[in-house]
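> Build me a structure from this.
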Amino acid sequence: MNPHDAQSSLDDIRRLQEKTRDEYIRQGFALPYVVASAIGLFISFGSVDLERPWSTVANVVGVIVFVVAGIVQAHRTAVRRKPAAPDVLVFAGWLVGLIVAFGLFRIIGWALFDLPASGLLSQGTFAAAGMAVMYVATVPLIRRAIREIVRQEIGRA
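Okay, here's the model as predicted:
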């Protein structure tokens, strides 16, 4: 093998690695799974104002929808990668941010709606809807953060 062929092979490997990283990011945040996860979060967090046993049923259904969306997404991806510590930190921070957003939306819902008089919208439903929208709206930011983490890992390797 001459040096030109060796360099050409290395260039092909680098190009394919970049394509694999891009595919990992694309498949990890595919729109159908993001929407299904948002619906699961909405159902689960929207159950806080329901009477028992319906609050428990709705919470379990929401968690099941969220988890099944993640499992199906992970099963159908062609590209897999072991999560690194920075990935876990990004996702944990995202979760904390969503929970804080739920609390803030709940406060806003309490301030805006005279709930007993209206009877149409509860604080929990308003907060869950706001959090689900925040979830979908922040996906591009999380996608960018994970893309940077993946690129930095490759740079260190």
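> how much space between the spatially closest residue to Leu50 that is not a sequence neighbour and Glu51?
Leaving out its chain neighbours, the residue that sits closest to Leu50 by CB to CB, 6 or more residues apart in numbering is Ala58, at 5.8 Å. The way it works is simple: take the backbone N, C-alpha and C, and place the C-beta from them, glycine included. Using CB to CB, to the nearest Å, we find Ala58 at a distance of 11 Å from Glu51.
> Kindly report the same for Pro83.
Using CB to CB, Pro83 is found at 38 Å from Glu51.
> Also His75?
36 Å.
> With Asp22 instead?
Distance of Asp22 to Glu51, computed by CB to CB: 48 Å.
> Repeat that for Ala111.
Distance from Ala111 to Glu51, by CB to CB: 24 Å.
> right, and the helix or strand after the one helix or strand Leu10 maps to?
In this structure, Leu10 sits in helix 3-28 according to DSSP states H and E. Where DSSP H and E defines the elements, the next helix or strand beyond helix 3-28 is helix 31-46.
> tell me the pLDDT at Phe45?
For Phe45, the pLDDT comes out at 93.
> same check, this time on the one 4 residues further on
Predicted confidence (pLDDT) for Asp49: 83.
> Kindly report the same for Arg147.
On the pLDDT scale, Arg147 gets 87.
> how much space between it and Pro140?
10 Å.
> With neighbour numbers in mind, choose between the two.
A count of neighbours by other CB atoms under 10 Å puts Arg147 above the other of Arg147 and Pro140, at 17 against 10.
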